[in-house]
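Asker: Give me the fold of what follows.
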Amino acid sequence: MIKTPSKKILIVTGSDYTDQVYQAFVDARSLGHRLYLLSDGSFEPKPGIFAKHFTYDLRKTKEVLDYMKNQPDTFDAVTIKTSEWLTPLTALLAKQYGCIGNDPKVAFNCRSKYHMRRELEKAGVSIPKFRLCRNFDELKSAIDEIGIPCVAKPVGGNASYGTFMVRHKEDLEVLRNNYEKSIDYLKKLAVAHDVFAFSREEMDLIGIHDHVDMVTDYLVEEFMEGPEISADSLTQDGRTTIMGVADQIRMRPPYFVQLAEKMPYVCPAKKQKEIANLVSKTVSAMNIQNSPAHTEIIFTSEGPKIVEIGCRIGGDNIHDSIFQTTGYNLMYEAIMIALGEKRNYDIQLKCHTAMEYLLPDRRGTVGKIRVPQAVRENPDITEISIECAAGDQVEVPPTSFIFLGYVCAKGGTPAEAQKNLKSALSQISINIQ
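Answerer: Alright, predicted model coming up:
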């Protein structure tokens, strides 16, 4: 047996990982590779996984690059799981070390909804009509041009933060209030976590010269009505493979926060092929060459249209749900692609999963949180993620778009997975006072 040469792999993250993701790291280590972590220091990783843990304020892209350049270590691969706002930094680090990865400009184009729309438009990918708005007056003009109904969303947003719909003329009466509340929320989030912002200097460093404000610049887009799905794929040397497709259930307009998800998306073979072709075309249009990608699609009356694409693994339950339904660990695959190891996939359905977010139904303070041990130990409950703590202040849109957590279950059929999920949810309670 030929022993794989030991490689040094840098993992970039803004948050801690699930057990399945840590298993990917264990598997990579078992091949003789050494793993290193770069984070903001907000969590302590599991012991014995990483040879070294670099910590820095990841909001400061140029400083992070200089900090890592001054370290004695160099790396053979750089990759990321989910942290959308860190994809340009990951690409810059890969370039700095001469590793396989996306071009930094490609990563930024996936981050900025405006630049994303322009790239897809140039390639002839089906997208909604859109206009860039830098202030409230431009927002109103764009609504007049696009027409009602339409959707307003921040250029640098993710998870539908700050996104709202203008359904009819009466909504124009509260437009300024919705816009200003959303902007205030995004500014607070950007200051606390910087999940949106890039400075002009950082954009120049990436190679972006048509600057945007990722927090306050908005897109107005035509409203796309129809079922929504997300598709997670892996691309190596420009060849794309769909690893999982999820049926997304979102909040009723005027807001678009995701409520639940089912995987896999059940549809005829013809539609599966249509999805695969559209995802491949979109990945190619964005020039994603070697990385995971997360693509969101709405099936409108005019045909499927792209909502957005990110050059990373889908967030929240996506990674673990794909592991449950296919047996493939996307983090491990992302590492192998970053190393240049040739990959081939045989996707066979193992089960169905169902996920539901825990959302606040009112403004208030989180009180007692109850998750019975029997639910935690139930083998049909694959994930329980509680993102809040007693004493946290919570709000509802448009003041806040944050969820309290989520629960994911599996079953042999979609109905069985849903039944197992509902049983778990009925036993979990988060009191809001």
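Asker: any idea which strand is longest in this protein?
Answerer: Longest strand in the chain, counting residues (DSSP state E): strand 239-250.
Asker: Following that one in sequence, what is the next regular element?
Answerer: With elements assigned by DSSP states H and E, the helix or strand that comes after strand 239-250 is strand 258-263.
Asker: Hmm, residue 106 is touching residue 311, no?
Answerer: Yes. Here residue 106 reaches residue 311: they are 6.7 Å apart, a contact under CB atoms under 8 Å. Just so you know, the C-beta spots here come from the backbone N, C-alpha and C atoms, and that holds for glycine as well.
Asker: Next, show the common contact partners of these two.
Answerer: With contacts defined as CB atoms under 8 Å, 6 or more residues apart in numbering, the residues shared by residue 106 and residue 311 are 91, 286, 288.
Asker: which helices and strands sit right next to the least confident helix or strand in the chain by mean pLDDT?
Answerer: The helix or strand of the chain with the poorest confidence is helix 175-193; it has a mean of 77 (mean pLDDT, DSSP states H and E). Packed against helix 175-193, as judged by 3 or more CB pairs under 8 Å, 6 or more residues apart in numbering; DSSP states H and E, are the following elements: helix 136-146, strand 150-154, strand 164-166.
Asker: Quick one: closest of the ones you listed to residue 204.
Answerer: Residue 204 lies closest, by CB to CB, to one member of the helices and strands packed on helix 175-193: strand 150-154, at 21.4 Å.
Asker: for the stretch 101-250 of the chain, what are the low-confidence residue spans?
Answerer: 158-160, 190-196 (pLDDT under 70).
Asker: for the stretch 251-400 of the chain, same thing?
Answerer: 253-256, 398.
Asker: quick one, strands of it?
Answerer: Counting by DSSP state E, counting those that start in this stretch, the stretch 251-400 of the chain has strands at residues 258-263, 291-300, 303-310, 352-358, 364-370, 381-386, 393-394.
Asker: Strand partners (parallel or antiparallel) of the third one?
Answerer: On the basis of DSSP bridges, the sheet neighbours of strand 303-310 come out as strand 291-300 (antiparallel).
Asker: Go ahead and measure how far the strand it pairs with is from the middle of the chain.
Answerer: Centroid separation between strand 291-300 and its chain, computed with CA atoms, centre = their mean, to the nearest Å, is 11 Å.
Asker: Next, count neighbours for the closest residue to residue 342 other than its chain neighbours.
Answerer: Leaving aside its chain neighbours, residue 342 sits nearest to residue 236 (7.4 Å; criterion: CB to CB, 6 or more residues apart in numbering). If you count neighbours by other CB atoms under 10 Å, residue 236 ends up with 20.
Asker: Also residue 390?
Answerer: Neighbours around residue 390, by other CB under 10 Å: 12.
Asker: Was I right to think it contacts residue 404?
Answerer: No. Residue 390 is not in contact with residue 404 according to CB under 8 Å; the separation is 11.6 Å.
Asker: which residues do those two both contact?
Answerer: residue 366.
Asker: Give the other helices and strands that the helix or strand that comes right after the least confident helix or strand of the chain contacts.
Answerer: Note on helix 175-193: by DSSP H and E, the next helix or strand toward the C-terminus is helix 200-206. Counting contacts by 3+ CB pairs under 8 Å, 6+ apart, helix 200-206 is packed against helix 61-69, helix 87-96, helix 104-111.
Asker: Tabulate the ones you listed (CSV), appending mean neighbour count and distance to residue 226.
Answerer: Listed next are the helices and strands packed on helix 200-206 as CSV, based on neighbours: other CB atoms under 10 Å; distance: least, CB to CB, whole Å:
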stretch, mean neighbour count, distance to residue 226
helix 61-69, 16, 37
helix 87-96, 24, 28
helix 104-111, 25, 23
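Asker: what's the closest of those helices to residue 333?
Answerer: Between these, helix 87-96 lies closest to residue 333; by CB to CB that is 15.8 Å.
Asker: what residues does that closest one touch?
Answerer: Counting by CB under 8 Å, 6+ apart, 10, 12, 38, 58, 61, 64-65, 68-69, 75, 77-80, 99-104, 106-108, 110-111, 198, 202, 205-206, 310-312, 338 sit against helix 87-96.
Asker: ok so, going back, list the buried ones in the least confident helix or strand of the chain?
Answerer: Buried residues in helix 175-193, defined by neighbour count with 16 or more other CB atoms under 10 Å: 175, 178-179, 181-183, 185-186, 189-190.
Asker: thinking residue 324 is in contact with residue 350, fair?
Answerer: Yes. The pair residue 324 / residue 350 is scored as a contact, 6.9 Å apart, by CB under 8 Å.
Asker: neighbour-wise, which of these two wins?
Answerer: residue 324 (22 against 13).
Asker: Give me the distance between the more buried one and residue 380.
Answerer: According to CB to CB, to the nearest Å, residue 324 stands 10 Å off from residue 380.
Asker: what is in contact with those two at once?
Answerer: With CB under 8 Å, 6+ apart, residue 324 and residue 380 have common neighbours residue 410.
Asker: re earlier: tell me the one of the shared contacts of residue 106 and residue 311 nearest residue 214?
Answerer: residue 91 (16.3 Å).
Asker: Please tell me how far the closest one sits from residue 61.
Answerer: 11 Å.
Asker: Between these two, which contacts overlap?
Answerer: The overlap between the contact sets of residue 91 and residue 61 (CB under 8 Å, 6+ apart) is empty.
Asker: Burial check on residue 127, number of neighbours?
Answerer: Residue 127: 22 neighbours (other CB under 10 Å).
Asker: If you could redo that for residue 84, that was the one I meant.
Answerer: 22.
Asker: For it, what are phi and psi?
Answerer: Reported as degrees, to the nearest 10, the phi and psi values for residue 84 are phi -50, psi -40.
Asker: State the distance from it to residue 316.
Answerer: Residue 84 is 12 Å from residue 316, by CB to CB.
Asker: ok, residue 289 - contacts?
Answerer: 102-103, 106, 235, 237-238.
Asker: Repeat the analysis, applying 10 Å as the threshold.
Answerer: Taking CB atoms under 10 Å, 6 or more residues apart in numbering, we find residue 289 in contact with 100-103, 106, 235-239, 283, 311, 337.
Asker: now residue 138
Answerer: Neighbours of residue 138 in contact, by CB under 10 Å, 6+ apart: 131-132, 217-218, 220.
Asker: so which of those is the most crowded?
Answerer: Highest neighbour count within the contacts of residue 138, by other CB under 10 Å: residue 218, with 30 neighbours.
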